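Engineer: Quick one, what's the 3D model for this:
(one chain, ligands or ions: 1)
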Amino acid sequence: MMPENNLLESALVRLDEAAKHINVDPDVIEKLKFARETTKVRLMIRMDDGSRKSFLAWRCRYDDTRGPTKGGIRFHPDATEEEVEMLAFWMTFKCAVMNLPYGGGKGAVQVDARTLSKAELERLSRSYIQAFARIIGPDRDIPAPDVYTNSMIMGWMADEYAQIVGQTSPAVITGKPIALGGSLGRGDATARGGYYLVRHLSRDLGLDGTLRVAIQGFGNAGQYIASLLAGDGHRIVAVSDSGGAVQADDGLDVEALLAAKEDGLSVIATAGKAGHRTVDATALVGVDCDVLVPAALENMIHPGNAASVKARLVLELANGPVTPEADEILASRGVVVLPDILANAGGVTVSYFEWVQNKQGYYWELEEIHAKLRAIMEREGRAIWELSASRGITMRTAAYVHALSRLAEAIEAHGTQNYFIS
Ligand code: NAD
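Structural biologist: This is a model prediction of the structure:
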């Protein structure tokens, strides 16, 4: 793990790298090096036993040049201001990659949500909105779920905001339950976006035919990508979660894995069935496969294990799973990485669809949502692929260049140094 004060700096390495490949005004880099505003508060809630407890919380609006800031709220005991800013920086680039009319934001509460009762969790969620009601807004800053927050929490938050402003305002938050203005297709959107991307680029990537896939992390993103790829006849040869890993060279029984998770068990509960055998979870990154899907946490592929990767393609459904040093090792070995700001952007894209539907008050069918998501993933994926091929740069650098050119265009439209001194 990287020291926390280096988090944003390590994310900025990618901005510096992209800036080498595109002629942008220094004003643009100066603007994107720092968060526009980060607000820190202490939330104080009444616990079930009558005591009061306080929790640190943040909301960062990193850059809003291209539109209102957009980004999830994370409940995690290790959340820090630096992490929130790094995640908001990534959101800025992710929204620009997909050409969504948003800037980047993020929020967090420093809490182990599993230690709270449901009533305490509701009070904490509502108090977050009370504290940040003047910062968020449908045309200002639009939160969404992230690690350890879900649609029920988004529903409480939307409700609290509506009470504060005195009218329903569903577009203030996305990832809501369907009954409260959520969108169809949000559940599997992150994995589905990555799936459309791989399908679209597979021929260019030389990945025709049946693929052998290893998935690290078997939560929302990991489970859906397993189902979607297995549905096309690909073989899921290894998966892991925080409890361990299972492998089967002929392909794991995905239904059995999903059933274990449904019962609240680890994937290792399937060991012994259908040829599943347990393996060391730390070895998952080096499993013999065609496609490796990190779908767990940050910094899981690092200089200590990057050389062991046998996959030809890494599909980053997690945010920041590959460190900058590991990126270089993978690139030197010819491993193509489909970067997080493109590969997992299906989630924020369907969040955008939810916001659009809330604003227009007219809701789309699932097929329409899938078709729109697919069109955007293919359009941006193709553009980045071509940029990567024509400049001889990695897909990650190409994605940052692609996003930076859009951000630069918007920032420069306000006038740059050249305009004012000439
Ligand atoms: P989740 O909490 O549903 O799942 C996380 C999974 O990772 C769990 O199965 C957990 O057991 C596993 N895990 C934790 N530590 C592990 C370890 N050391 N080794 C192997 N597995 C481990 O979370 P999620 O929503 O699927 O998100 C996963 C990643 O995808 C995160 O980086 C998240 O930021 C990113 N992401 C998710 C979405 C989304 O819409 N869900 C959108 C964009 C990005």
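
Engineer: Any figure for the gap between the closest residue to residue 44 other than its chain neighbours and the ligand?
Structural biologist: Nearest residue to residue 44, sequence neighbours excluded (C-beta to C-beta, 6 or more residues apart in numbering): residue 54, at 4.8 Å. Any C-beta I mention is one placed from the backbone N, CA and C, and that applies to glycine too. Counting by C-beta to the nearest ligand atom, to the nearest Å, the gap between residue 54 and the ligand amounts to 25 Å.

Engineer: Against residue 111, how distant is residue 54?
Structural biologist: Residue 54 sits at a distance of 10 Å from residue 111 (criterion: C-beta to C-beta, to the nearest Å).

Engineer: The two - which one has more neighbours?
Structural biologist: residue 111 (23 against 11; other C-beta atoms under 10 Å).

Engineer: Verify the stated contact: that one with residue 123.
Structural biologist: No: using C-beta atoms under 8 Å, residue 111 makes no contact with residue 123, being 11.7 Å away.

Engineer: Looking at the stretch 101-250 of the chain, what residue ends up closest to the ligand?
Structural biologist: Nearest to the ligand, among the residues of the stretch 101-250 of the chain, is residue 219, at 1.8 Å (C-beta to the nearest ligand atom).

Engineer: Any part of the lengthiest helix in the chain near the ligand?
Structural biologist: For the chain, the helix reaching the highest residue count under DSSP state H is reported as helix 366-391. No: Helix 366-391 does not reach the ligand (C-beta under 6 Å from any ligand atom); its nearest approach is 12.5 Å.

Engineer: Next: stretch 314-331.
Structural biologist: Yes: Stretch 314-331 is in contact with the ligand by C-beta under 6 Å from any ligand atom, via 317, 318, 319.

Engineer: Buried ones among those?
Structural biologist: 317, 318, 319 (16 or more other C-beta atoms under 10 Å).

Engineer: contacting residues around the last one?
Structural biologist: I take that to be residue 319. By C-beta atoms under 8 Å, 6 or more residues apart in numbering, residue 319 lies in contact with 87, 90, 298, 340, 344.

Engineer: Regarding residue 54, what is its secondary structure?
Structural biologist: Following DSSP: H, G, I helix; E, B strand; the rest coil, residue 54 is assigned to strand.

Engineer: What of the one 4 residues further on?
Structural biologist: Secondary structure, three-state DSSP: residue 58 is strand.

Engineer: Residue 292 now?
Structural biologist: strand.

Engineer: Please name the bridge partners of it.
Structural biologist: residue 214, residue 314 (DSSP bridges).

Engineer: doesn't residue 314 make contact with it?
Structural biologist: Yes: between residue 292 and residue 314 a contact is recorded at 5.0 Å, counting by C-beta under 8 Å.

Engineer: just checking, next helix/strand downstream of the host helix or strand of residue 130?
Structural biologist: Using DSSP states H and E, residue 130 maps to helix 118-132. Downstream of helix 118-132, the next assigned helix or strand under DSSP H and E is strand 141-145.

Engineer: quick one, that following strand and helix 118-132 angle?
Structural biologist: Here the directions of strand 141-145 and helix 118-132 differ by 160 degrees (axes from the mean of the first three to the mean of the last three C-alpha atoms, to 10 degrees).

Engineer: which helices and strands does the next helix or strand after strand 141-145 pack with?
Structural biologist: The first helix or strand that comes after strand 141-145 along the chain, using DSSP H and E, is helix 151-165. For helix 151-165, the elements it packs on are helix 118-132, strand 141-145, judged by 3 or more C-beta pairs under 8 Å, 6 or more residues apart in numbering; DSSP states H and E.

Engineer: helices and strands around whichever helix or strand comes after helix 151-165, which ones?
Structural biologist: The helix or strand immediately downstream of helix 151-165 is helix 189-201, counting by DSSP H and E. Using 3+ C-beta pairs under 8 Å, 6+ apart, the elements in contact with helix 189-201 are helix 220-231, strand 313-315, strand 336-338, helix 340-343, helix 346-360, helix 366-391.

Engineer: returning to what we had before: what about the residue of the stretch 101-250 of the chain closest to the ligand, neighbour count?
Structural biologist: Residues lying near residue 219 (other C-beta under 10 Å) number 15.

Engineer: ok, now which ones touch it?
Structural biologist: By C-beta under 8 Å, 6+ apart, the contact list for residue 219 reads 241, 295, 296.

Engineer: Tell me how many other residues surround the first one.
Structural biologist: Yep, that's residue 241 we're talking about. Using other C-beta under 10 Å, the number of residues around residue 241 comes to 24.

Engineer: surely it meets residue 269?
Structural biologist: No: assessed by C-beta under 8 Å, residue 241 is found out of contact with residue 269, at 10.2 Å.

Engineer: what's in contact with stretch 221-237?
Structural biologist: Contacts for stretch 221-237 (C-beta under 8 Å, 6+ apart): 187-188, 190-192, 194-195, 198-199, 210-216, 218, 239, 241, 247-252, 254, 257-258, 261, 287-289, 291, 293, 295-296, 315, 317-318, 344.

Engineer: now do stretch 330-345
Structural biologist: When contacts are defined by C-beta under 8 Å, 6+ apart, stretch 330-345 is touched by residues 90, 93-94, 97-98, 190, 193-194, 197-198, 201, 205, 221, 301, 306-307, 309, 311-322, 327, 377, 380-381, 384, 394-396, 399-400, 403.

Engineer: how about residue 47, what does it touch?
Structural biologist: Neighbouring residues of residue 47 by C-beta under 8 Å, 6+ apart: 53, 120.

Engineer: Residue numbers of the stretch 251-400 of the chain in contact with the ligand?
Structural biologist: Counting by C-beta under 6 Å from any ligand atom, the stretch 251-400 of the chain sits next to the ligand at 281, 295, 296, 297, 317, 318, 319, 344, 347.

Engineer: these two touch, right, the fifth one and residue 295?
Structural biologist: By that I understand residue 317. Yes: counting by C-beta under 8 Å, residue 317 touches residue 295, with 4.1 Å between them.

Engineer: which residues are common contacts for the two?
Structural biologist: Here residue 317 and residue 295 have 191, 217, 221, 222, 225 as joint contacts, going by C-beta under 8 Å, 6+ apart.

Engineer: related to what we said a few turns ago, using CSV, lay out the residues of the stretch 251-400 of the chain next to the ligand together with distance to residue 409 and secondary structure.
Structural biologist: Shown next, in CSV, are these (distance: C-beta to C-beta, whole Å; DSSP: H, G, I helix; E, B strand; the rest coil):
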residue, distance to residue 409, secondary structure
281, 44, helix
295, 33, coil
296, 35, coil
297, 34, coil
317, 29, coil
318, 29, coil
319, 25, coil
344, 24, coil
347, 25, helix
